[in-house]
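>>> Starting from these lines, generate the structure:
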Amino acid sequence: MIGKLTTTIFLVLLLAPDVPAPATAQTSSVTTYHGQADRSGNFVVPGLTTDRAAAVHLDPNFHGAVAGSIYAQPLYWRAPGSAAGLLIVATEDNTVSALNADTGALVWTRSLGQPVTRASLPCGNIDPSGITGTPAIDEATQAVYLDAFVSDAADSAGPQHLLFGLSLMDGSTLPGWPVNVASALSAQGGAAFTPTTQNQRSALTVAGGTLYVPYGGNFGDCGEYRGWVVGVRLSDPSSVTAWSTRAAGGGIWAPGGLSFDGQSLYAATGNTKGATEWGDGEAVIRLTAALTRSDQPQDSFAPSDWRDLDEEDADLGATNPLPLDFPGAQAGSALLLALGKDGKAYLLDRTNLGGIGGSLFEGAVSTTPIRTAPVRYPSGNDMLVAFQADGSACPAASGGDGLVVLRVVAGASPTLRTEWCAAVDGRGIPIVTTSDGTADPIVWIVGAEGDNRLHAFRGDTGEPLLTDGVPADAMTGLRHFVTILAAQNRLYVAADGQIYAFAF
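Sure, this is the predicted structure:
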């Protein structure tokens with residue numbers, strides 16, 4: 001299970017205002033966690049080069065405030081024809097706010113009900129608990145969708161998970177929403193969904209006109225919970241489908257939630273409870289759009305030592321699976337990377353996940369548990385993957401611990417090795433910016449709950465671009481698992497208490 005989540009806010013990094021970007025880059029919305037449903041974390045920012053990245057400085061002209069602790073990554077939406085985009089911000093107070101992305105001014109805000117206090121739950125570490133997982137935007141309906149944990153649901157007693165669809169224009173609730181998850185699943189029969197022991201911490205996904213919502217448990221692993229994925233048709237919120245782990249436990253904890261490669265959904269699950277036979281825990285599970293899966297080995301993977309991982313709480317589900325598609329479409333290029341709290345990396349064939357023990361490659365890459373969201377970017381015919389951890393096989397000339405970059409080589413027998421490591425004091429989640437999807441890769445990360453500074457590294461070599469961090473004095477309020485949003489020629493980073501702005 002992922003370690004404790006704590007409060008967050010925004011840090012905004014403004015990219016050079018004197019460098020015009022193409023219209024497509026200026027108007028492109030960021031509708032989901034890490035920019036794409038495949039969770040690549042590769043944000044295209046034309047004009048952002050390593051030289052310009054090295055000169056960020058505080059911009060005092062951006063002002064914004066949001067009430068409540070923030071665990072979710074902000075999203076960005078620009079209405080067609082609008083002069084400015086909106087930052088969509090969800091908080092643990094169960095408020096959703098839209099901020100002017102240029103100035104930080106409040107455009108609209110909506111309260112979705114009283115959040116749930118820690119005292120109302122058998123365990124946990126968020127107080128109060130409201131909106132935790134990153135919402136998802138659907139541009140076709142011009143709406144944002146999210147899970148709010150409320151203590152005062154109108155149709156049920158006690159805390160409930162309610163799924164909302166809100167208009168991006170004014171925050172009003174769309175017809176047919178909210179959906180009470182426990183009530184909808186109870187009507188279908190099967191495994192029980194207990195709201196007080198199920199926590200919604202992972203990012204939501206919209207794909208093919210359906211909202212997909214993953215669930216795990218509370219910090220402390222208390223009570224009866226399972227790994228769930230709930231699907232709701234956007235055009236008919238009464239149409240609900242679901243999948244859950246066969247064994248108790250097996251939560252989906254990762255900040256990035258599900259990944260979607262355009263055909264299938266992939267979920268990584270955590271430790272199950274008392275399972276003597278494998279019951280979908282410590283696994284990567286392939287799900288169809290209808291949330292069905294087969295029992296064939298090609299549709300799931302679990303390490304051969306899954307029982308030991310259960311006993312050690314060494315979840316595979318603390319990091320979302322990452323699809324890898326390679327330049328040139330060479331043989332063996334449709335891969336999936338899984339990272340575990342056991343410090344290992346597992347390369348899987350997306351066409352045949354391999355069943356128990358069926359990875360194409362596995363090996364130790366970290367001396368510490370991996371709890372993060374990885375990002376990917378191409379390097380020649382290979383793929384580089386960056387994530388927060390302390391590397392176990394860093395090159396001798398590497399700059400230290402805290403950030404690891406792997407090189408994944410495709411082919412009939414794919415392999416990976418540690419390309420470079422860098423020193424980052426803290427536990428933020430990285431992104432990468434490129435000028436066109438490939439060129440000028442820069443890996444950005446904050447030293448959350450460490451030095452509390454922004455860091456940037458050349459994606460090809462690991463050379464630090466902000467030697468002393470930014471700003472010169474450490475910021476306050478940065479929390480671990482904070483990730484970065486790149487939009488409208490800016491970088492928005494979750495922090496605590498105010499909105500910082502930096503230009504170069």
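>>> Only C-alpha atoms from now on, for both contacts and neighbour counts.
Fine.
>>> any weak-confidence spans in the stretch 201-350 of the chain?
Counting by pLDDT under 70, the stretch 201-350 of the chain has low-confidence residues at 329-332.
>>> which secondary element of this structure has the worst mean pLDDT?
One helix or strand of the chain scores below all others by mean pLDDT, DSSP states H and E: helix 23-27, with a mean of 38.
>>> Can you name the next helix or strand after it?
Using DSSP states H and E, the helix or strand that follows helix 23-27 in sequence is strand 42-44.
>>> Can you read off the backbone torsions of the nearest residue to G124 once chain neighbours are set aside?
Once flanking residues are discounted, G124 sits nearest to F219: 4.4 Å by C-alpha to C-alpha, 6 or more residues apart in numbering. When read as degrees, to the nearest 10, the backbone of F219 gives phi -50, psi 130.
>>> Assess the claim that F219 and D127 are in contact.
No. F219 is beyond contact range of D127, at 11.8 Å (criterion: C-alpha atoms under 8 Å).
>>> sorry, back to before: how far away is the residue nearest to G124 from C123?
Going from F219 to C123 by C-alpha to C-alpha, to the nearest Å gives 6 Å.
>>> Now do the contacts for the residue most central in space within the chain.
Nearest to the mean C-alpha position of the chain, counting by C-alpha atoms, centre = their mean, stands G256 at 2.3 Å. By C-alpha atoms under 8 Å, 6 or more residues apart in numbering, G256 lies in contact with Y33, H34, R39, S202, A203, T319, N320, A373.
>>> Please pick the buried ones from those.
Buried subset of the contacts of G256 (neighbour count, 16 or more other C-alpha atoms under 10 Å): Y33, H34, R39, S202, A203, T319, N320, A373.
>>> Can you check the pLDDT for T8?
For T8, the model assigns a pLDDT of 36.
>>> and what of A67?
On the pLDDT scale, A67 gets 88.
>>> show me what contacts it?
Contact partners of A67, counting by C-alpha under 8 Å, 6+ apart, are T91, D93, T95.
>>> Can you name the residues that contact the last one?
Same thing as T95. So T95 contacts A67, G68, T109, R110, S111, L112, I131 (C-alpha under 8 Å, 6+ apart).
>>> what do you get for the second one?
Residues touching D93, when contacts are defined by C-alpha under 8 Å, 6+ apart, comprise A67, G68, S69, S111, Q114, P115, P128, S129, G130, I131.
>>> Can you tell me how far it is from G133?
Using C-alpha to C-alpha, one gets 13 Å for the distance from D93 to G133.
>>> ok, the contacts of A67 vs P303, which is closest?
Using C-alpha to C-alpha, T91 is the member of the contacts of A67 that lies nearest P303, at 35.8 Å.
>>> Help me confirm that that closest one comes into contact with A72.
Yes. Using C-alpha under 8 Å, T91 is in contact with A72, at 7.2 Å.
>>> just the helices in this protein please.
Per DSSP state H, the chain carries helices over the ranges 23-27, 50-53, 181-186, 306-312.
>>> Present the contacts of G256 as TSV; the columns should include distance to G85.
Putting these into TSV (distance: C-alpha to C-alpha, whole Å) gives the following:
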residue	distance to G85
Y33	17
H34	18
R39	22
S202	25
A203	22
T319	30
N320	28
A373	26
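>>> and the residue nearest to D310 when sequence neighbours are not counted, how many neighbours?
Take D310 and drop its neighbours on the chain: the residue closest to it by C-alpha to C-alpha, 6+ apart is N271, 4.6 Å away. By other C-alpha atoms under 10 Å, the residues close to N271 number 34.
>>> again with the one 4 residues further on
As a burial measure, the neighbour count of A275 was computed by other C-alpha under 10 Å and equals 16.
>>> which residue packs closest to it, ignoring adjacent ones?
A247 (6.5 Å).
>>> likewise I445?
P430 is the one closest to I445 (C-alpha to C-alpha, 6+ apart), at 4.5 Å.
>>> Against V385, how distant is that neighbour?
For P430 relative to V385 (C-alpha to C-alpha), the value is 10 Å.
>>> so what sits against both of these two?
Joint contacts of P430 and V385 (C-alpha under 8 Å, 6+ apart) are P374, V375.
>>> Okay, now the unreliable bits of the stretch 351-500 of the chain?
468-472, 494, 496-500.
>>> can you rerun that using 80?
Counting by pLDDT under 80, the ranges of the stretch 351-500 of the chain that qualify are 397, 399, 467-479, 493-500.
>>> What are the boundaries of the strands in it?
Under the criterion DSSP state E, counting those that start in this stretch, the stretch 351-500 of the chain contains strands at 355-356, 361-364, 375-379, 382-389, 402-409, 415-423, 431-434, 442-446, 454-458, 484-487, 490-493, 499-503.
>>> could I get those as JSON lines with mean neighbour count?
Formatted as JSON lines, these follow (neighbours: other C-alpha atoms under 10 Å):
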{"stretch": "strand 355-356", "mean neighbour count": "18"}
{"stretch": "strand 361-364", "mean neighbour count": "16"}
{"stretch": "strand 375-379", "mean neighbour count": "23"}
{"stretch": "strand 382-389", "mean neighbour count": "24"}
{"stretch": "strand 402-409", "mean neighbour count": "24"}
{"stretch": "strand 415-423", "mean neighbour count": "22"}
{"stretch": "strand 431-434", "mean neighbour count": "26"}
{"stretch": "strand 442-446", "mean neighbour count": "28"}
{"stretch": "strand 454-458", "mean neighbour count": "23"}
{"stretch": "strand 484-487", "mean neighbour count": "28"}
{"stretch": "strand 490-493", "mean neighbour count": "24"}
{"stretch": "strand 499-503", "mean neighbour count": "22"}
